[in-house]
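> kindly return the folded structure for what I paste below:
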Amino acid sequence: MHLLSLWGYMGVGKTGLGKALSHQLDCEFADLDKVIEASTGRSPAQWIQEKGELGFRKVERDCLHDLLERFEGILACGGGTPCYYDNADRLLKASRCVYLSAGPGFIAHRLNHAQTERPLLRDLDPEQLPEFVAKHLFERRPFYEKAHITLKVEGLSRSEILDRLSEEFRAIPPNLDRPTLP
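Numbering: from 1, shown residues only. Modelled structure (predicted):
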């Protein structure tokens, strides 16, 4: 079973790159946030607004564990997915994990136009965004760095990133142990 999971902070391109890679490799693509919305009828933003971030993280964990048992292809994880519960360990056992790494300035610049679409950023003053991203990234980096591979996306073209991700996907052993998850 072939599964490549893309990790990283919001705004690094997990979804866009994942879609492009799945098209290039002619395989399935899943965005965990969209899977959550399809299976629960609520977007991550709605979950966070109604139940708080921890309420959302519980639903995210359940959807992730279900997905890991049946999905093959490219998976774009949410920015916080590997940072909660046993998600990182499960992903590491069931997939080839790639951390799409970028610095806080690069990320803040990319998020600047999409701030209102992101529940964790919605209430921030635009001047607070770079500091928020730097602090959050500092907290999450130890989780992200558990991934099998770190790919620094800053300074690379989209095609260079896709080439490297394609190599990682092709390097997945055909007999990757995908244990049945409880």
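> and the longest helix for the protein?
If each helix of the chain is counted by residues according to DSSP state H, the longest one is helix 44-70.
> tell me the SS of the closest residue to Leu17 other than its chain neighbours?
Across the structure, with C-beta to C-beta, 6 or more residues apart in numbering as the measure, the residue nearest Leu17 apart from its sequence neighbours is Ile161 (6.0 Å). Where you see a C-beta, it was placed from the backbone N, CA and C, and this is true even at glycine. The three-state label given to Ile161 by DSSP: H, G, I helix; E, B strand; the rest coil is helix.
> angle of the helix or strand containing Leu6 against helix 44-70?
When secondary structure is defined by DSSP states H and E, Leu6 falls within strand 3-7. Calculated by axes from the mean of the first three to the mean of the last three C-alpha atoms, to 10 degrees, strand 3-7 forms an angle of 150 degrees with helix 44-70.
> which stretches of the chain form strands?
Along the chain, counting by DSSP state E, strands occupy 3-7, 29-31, 73-76, 96-101, 149-152.
> what's the most buried one of those strands?
Each of those was scored by mean neighbour count; the highest is strand 3-7, a mean of 28, by mean count of other C-beta atoms under 10 Å.
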